[in-house]
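**Q** for reference, the sequence and a predicted model appear below.
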Amino acid sequence: MRIAVTYENGEVFQHFGHTERFKVYDIADGKITLATTVNTNGSGHGALADILKKLGVDTLVCGGIGGGAKKALSEANIKLYGGVSGNADASVEALLAEKLAFYSEATCDHHGEHHNGVCGEHGCGKHHH
């Protein structure tokens, strides 16, 4: 099993389509055997699922995620745990213990005044870098 987490400063990064790195965990016998950080090199929504597929990832833990990205992950047979926040390592440990709190319908529309509905293929449109 190989799990990827959208990653920033030790935490689960909250916008899948804008993540600059993934922390990738190799799992054997229900334990983390290796954890590495992989840069996305500024890839957008569609390419991110492809990066994960090429890395051999079968499970993704992230915060908010748009519909297009969900579809791409589904097509790549990557299981999604969205709506997760907090420490990345702790999230993976919780997943392995089957105690991870996640929101299966997580989208980028939970920020109120910062967003106009669900993120589509082209991002949220309200983020400034």
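**A** Noted; the coordinates are in hand. Treat the numbers as computed from the prediction; the structure is a model and nothing was measured. Residues are numbered from 1 along each chain as shown.
**Q** show residues contacting the worst-scoring helix or strand of the chain on mean pLDDT.
**A** Lowest by mean pLDDT, DSSP states H and E among the helices and strands of the chain is helix 45-54, with a mean of 88. Helix 45-54 is contacted from outside by 4, 16-17, 19, 22, 38, 40, 43, 60, 66, 68-69, 72-73, 75-76, 78, 121-123, using CB atoms under 8 Å, 6 or more residues apart in numbering. The way it works is simple: take the backbone N, C-alpha and C, and place the C-beta from them, glycine included.
**Q** from the chain's centre, how far out does that helix sit?
**A** Centroid separation for helix 45-54 versus its chain: 11 Å, with CA atoms, centre = their mean, to the nearest Å.
**Q** what stretches of the protein score poorly on pLDDT?
**A** Counting by pLDDT under 70, the ranges of the chain that qualify are 45-46, 104-129.
**Q** where exactly do the strands run in it?
**A** 2-8, 11-12, 21-28, 31-39, 59-61, 79-81 (DSSP state E).
**Q** from the contact counts, what lies against the fourth one?
**A** Counting contacts by 3 or more CB pairs under 8 Å, 6 or more residues apart in numbering; DSSP states H and E, strand 31-39 is packed against strand 21-28, helix 88-96.
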